[in-house]
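K.L.:
requesting a structural model of the entry that follows:
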Amino acid sequence: MAPVLVLWLAVCLGATWAVDRGNFKTCDQSAFCKRQRALKPGESPYRALLETMELTNTRLTLQLINDNNKVRLLLELYRLQGNITRVKINELKPLKPRYEVPDVLIRDPPTEPLSVLSQDENGVVLSLGAESQRVIVSVRPFRLDIMEGHDVLMSLNSRGLLAFEHLRMRKDTQADPEAENKEEADAANQAETTKEEEEKAEEGMWEETFKSHSDSKPNGPSSISLDFSLPGVEHVYGIPEHADDLKLKTTDNGDPYRLYNLDVFQYELYNPMALYGAVPVMLAHNAQRTTGIFWLNAAETWVDISSNTAGKTVFGKMLDYVQGSSEIPQTDVRWISESGIIDVFIMLGPTAKHVFSQYASLTGTQSFPPLASLGYHQCRWNYNDQEDVRSVDAGFDEYDIPYDFIWLDIEHTDGKRYFTWDPHKFATPKEMLQGLVEKRRKMVAIVDPHIKVDSNYKIHNEIRSRGFYIKNKDGGDYEGWCWPGNAGYPDFTRADMRAWWASMFAYDQYEGSMENLYTWNDMNEPSVFNGPEVTMHKDAVHGAWEHRDVHNLYGLYVQMATADGLVQRSGGVERPFVLTRAFFAGSQRYGAVWTGDNAAEWDHLKISIPMCLSLGLVGISFCGADVGGFFKSPSPELLVRWYQTGAYQPFFRAHAHLDTPRREPWLFGPENTALIREAVRQRYTFLPYWYQQFYHAYRTGEPVMRPLWVEYPQDPATFAVDDEFLIGQNLLVHPVTEEGSRGVTAYLPGKEEVWFDIHTFQKHNGAQNLYIPVTMSSIPVFQRGGSIIPRKMRVRRSSSCMEHDPYTLFVALNARGLAEGELYIDDGHTFNYEKKEFIYRRLSFSNHVLSSVNLVPDSHFTTNSWIERIVIIGSSKPAKVTLKTADGNESQLEFDFDASMSVVTVRKPGMNAGADWTVTLQ
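P.N.:
Model (predicted):
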């Protein structure tokens, strides 16, 4: 590493272990945010021009005019299949095209016809088809209200904060000859820039400086804003990534929530600062309904949230005072983006599961991961060399702790040149990988998107010669500092660049790679150590667009190209596994994310829960946090509690900073080793359940790890809970996240529900706060009565070693003596499930009979796994237990009954996991 860089990093990464807030903008320091936030509500200059309305089979178009400057906008309104309304607003005749986000929607969303119900000079009412839903377009000021029956579900521009900064010529510079040729259309657009507007050519409109960086803003001001009002709503969620509670806070007295992908060193908790990823999707929930807003814009975005009282005028409030108040709560949300257009999808539910399905129909579902990636991952920056890898791998066997993946960070490369290996420390990578293959384990190596500028480096030479680097504003290749020193940044917004990048993962291109090597994309915000806010200059150029237009898409494109490369190298057969730090809407289609560079502190352990819950709500189910904390060193107690928590989160990886002492699970004494071993082994017993939850997420878009309110939407006690969570519908987890804890209080939801402690089988009724005494070995987890969960209780050294092992079915009966569940099995690693090569069975228990029935009769797959035990929890003692197989044979089975816990254990029933059978308790 260049000495200058080492020195620079020492200064930046040295003494302090906390975020330097001064590196990152506040709204006041972001010129467009400050301008937009200065607008006063209730003074909207926009009016709808009803005479311009056109209605076709697929959409309504209508011009809006800004009465202050006479600039016209074009409103497009679409009714989409599945109870979604799309609203687009652009300039009618922009000086040049404005950016519209490509590649995020999985298809052009199918439309349904709109029809006019009534119209007068004040507005128009359109039918949205379903259940008396309609949209009301009001003329002056322009406003949209979406209604169902007498209820307003959502209003747009009800506070008059629609603002669209039109593209314009800079008054104080030589006119651009190209622009002069653009006919009178543009003259119309420049119309009547009023005296005030000219005076208001504030600082920051045509250039902006932050610290030592200047942004040239060649297109001038181009920001957009729109407000949404949600009557009856007090709880909103989503818009990750923020280190904050699940329920979003109001922002009246501070900064808005910021969405701008940034490499934030040692982030602070409980604030709205931007982090590594941005998903511009918000969910709103009350006991009657769940709705969603998807703001499709990839530029820097700020989201203001305020709570209010629905539709109250001063007169209305006086009337309340006289008559007694009947206040309806209301949440107001305002989105502000630096460039692009307004393109918003309003998902009308009515349930959370409808919203998940609506969002999935737009951006796709969570990719179905290889089964092994749901096991445990061991990582640090860095395992030193091949001998270190061999020794850590052997340590897991010696201490009998299962794991599936060992990871290599940046030091494994030849001088931070990705797709290479250090010739001294990793001289024979295939030998190392083959050693892992023999144990049925895998490896992940890091491939970052900053490329060392070095004429002896093949990857750099190829990218430069093909012209694939992002350009600076003057047309040269953009360069910045990152881990290798001086680096170029490939333009992943280009399809040809992504295709070339994917081809670099071919086994004959990526020397030393094998089938069991997978990929980690870090630093893909992109991180530029010497750039503004540690990222790329906004006036860098991607073809026709500035970086400001595409910034939040960059990480998604890097992961997309990498995942494509892993699929292509196998001829399209094998599922990829790619972890990314930066993400956007749609990133769920390409792999996993983690919550970035956290710290070994109790609050960071706690925040991992709401951070992953928020991601799950917006489609990204495959989420985890660095177990143990990346920075600093955890106490043994914190490390154990983190393993116990991580074992019940979707992505389960331990990771640590270069400067921290080693912390493999066996380095903290035999007692702690045993506690960590037990947590990891619990994870492995539940892999069949995790795997079928991910299959379900892939099919439906529903989150794997979900907040309680998703399953108990009418119980207000669940709406803000974020210290416990559900995995699917049937497991409730309340991790211990307080130092020195002697007990936790878990809320068990559902008036009709019963919940069973998975460790003791003790039964508890729903709709109660349950105090649970805990020791260091406690992980409070409950199975919902009425569910059947398949587990594999014979834990081996990796998930692949357990492939043919038998299942134990845990049948937890509800108050009516019923239960149901599923069993999903496939090969665990190929795309053959798309050809119905799987076993997918419905398990149900009623009238004392447990049966297994094929859910997909034309599926075809065989398994060696069998059912070795059935545990029926909450049962009375049977006189006998009989098995009837598909061929009609009946046999009597051995069983035990534990009267103290009402548990029947049927031993070795022995049927194949893919067969039809019934077990009867008589």
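
K.L.:
skipping its backbone neighbours, what lies nearest Val528 in space?
P.N.:
Counting by Cβ to Cβ, 6 or more residues apart in numbering, Val528 lies nearest to Gly480, which is 3.6 Å off, once chain neighbours are set aside. All C-beta atoms are positioned from the backbone trio N, CA, C, and that covers glycine.

K.L.:
from memory that neighbour sits against Asn472, does it?
P.N.:
No: taking contacts as Cβ atoms under 8 Å, Gly480 lies outside contact range of Asn472: 9.6 Å.

K.L.:
higher neighbour count, these two?
P.N.:
Gly480 (22 against 17; other Cβ atoms under 10 Å).

K.L.:
are we agreed that Leu49 is in a helix?
P.N.:
No: judged by DSSP: H, G, I helix; E, B strand; the rest coil, Leu49 forms no part of a helix; its state is strand.

K.L.:
domains of this structure?
P.N.:
Structural domains assigned to the chain are 28-99+106-166+218-363, 447-507+514-589, 806-921, following the TED database.

K.L.:
any idea of the mean pLDDT in the second one?
P.N.:
This points to domain 447-507+514-589. On average, the pLDDT along domain 447-507+514-589 is 98.

K.L.:
what distance separates the start and the end of it?
P.N.:
19 Å (Cα to Cα, to the nearest Å).

K.L.:
shaky segments in the stretch 301-450 of the chain?
P.N.:
Where the stretch 301-450 of the chain drops to pLDDT under 70, the residues are 310-326.

K.L.:
so what's the residue count around Met911?
P.N.:
18.

K.L.:
got phi/psi on it?
P.N.:
Main-chain torsions, Met911, degrees, to the nearest 10: phi -80, psi 150.

K.L.:
with adjacent residues omitted, what lies nearest to it?
P.N.:
Of all residues not flanking Met911 in the chain, Trp917 sits nearest, at 4.6 Å (Cβ to Cβ, 6+ apart).

K.L.:
same question for Phe368.
P.N.:
Tyr698 (4.0 Å).

K.L.:
ok, that neighbour touching Ala360?
P.N.:
No: look at Tyr698 against Ala360 with Cβ under 8 Å: they stay out of range, at 9.6 Å.

K.L.:
quick one on the thing from earlier: what residues are up against the residue nearest to Met911?
P.N.:
Trp917 makes contact with 851-852, 883-886, 909, 911 under the criterion Cβ atoms under 8 Å, 6 or more residues apart in numbering.

K.L.:
filter these to the buried ones?
P.N.:
Taking 16 or more other Cβ atoms under 10 Å as the criterion, what is buried in the contacts of Trp917 is 851-852, 883-885, 909, 911.

K.L.:
can you map out the helices along the stretch 701-850 of the chain?
P.N.:
708-711 (DSSP state H, counting those that start in this stretch).

K.L.:
need the three-state assignment for Asp343.
P.N.:
Three-state call for Asp343 (three-state DSSP): strand.

K.L.:
Gly160 too?
P.N.:
coil.

K.L.:
what's it sitting at in phi/psi?
P.N.:
Backbone torsions for Gly160, taken as degrees, to the nearest 10, come to phi 70, psi 30.

K.L.:
nearest spatial neighbour of it, chain-adjacent residues omitted?
P.N.:
Gly160's closest residue in space is Ser44 (Cβ to Cβ, 6+ apart), at 3.1 Å.

K.L.:
ok, the one you found touching Leu162?
P.N.:
Yes: applying Cβ under 8 Å, one finds Ser44 in contact with Leu162, separated by 6.1 Å.

K.L.:
looking only at neighbour counts, state which of the two leads.
P.N.:
Leu162 (25 against 21).

K.L.:
and the gap between the more buried one and His285?
P.N.:
Distance of Leu162 to His285, computed by Cβ to Cβ, to the nearest Å: 25 Å.

K.L.:
repeat for Gln330
P.N.:
In this view, Gln330 and His285 are 14 Å apart by Cβ to Cβ.

K.L.:
give me the more crowded residue out of these two.
P.N.:
His285 (27 against 21).

K.L.:
tally of neighbours for Gln768?
P.N.:
By other Cβ under 10 Å, the burial measure for Gln768, its neighbour count, is 16.

K.L.:
what about the closest residue to it other than its chain neighbours, neighbour count?
P.N.:
Using Cβ to Cβ, 6+ apart and skipping residues adjacent in sequence, the residue nearest Gln768 is Leu748, 5.6 Å away. Other residues lying near Leu748 total 20 when counted by other Cβ under 10 Å.

K.L.:
do I have it right that Leu748 meets Trp755?
P.N.:
Yes: at 4.8 Å, Leu748 counts as touching Trp755 under the criterion of Cβ under 8 Å.

K.L.:
which residues are common contacts for the two?
P.N.:
Residues within reach of Leu748 and of Trp755 at once, by Cβ under 8 Å, 6+ apart, are 732, 764-766, 782.

K.L.:
which of the residues you listed sit farthest apart?
P.N.:
The distance between the two most remote of the shared contacts of Leu748 and Trp755 (Cβ to Cβ) is 13.3 Å, for Leu732 and Asn765.

K.L.:
if we can go back for a sec, so what does the helix or strand hosting the residue nearest to Val528 touch, helix or strand wise?
P.N.:
Assigned by DSSP states H and E, Gly480 belongs to strand 479-482. Packing partners of strand 479-482 (3 or more Cβ pairs under 8 Å, 6 or more residues apart in numbering; DSSP states H and E): strand 485-488.
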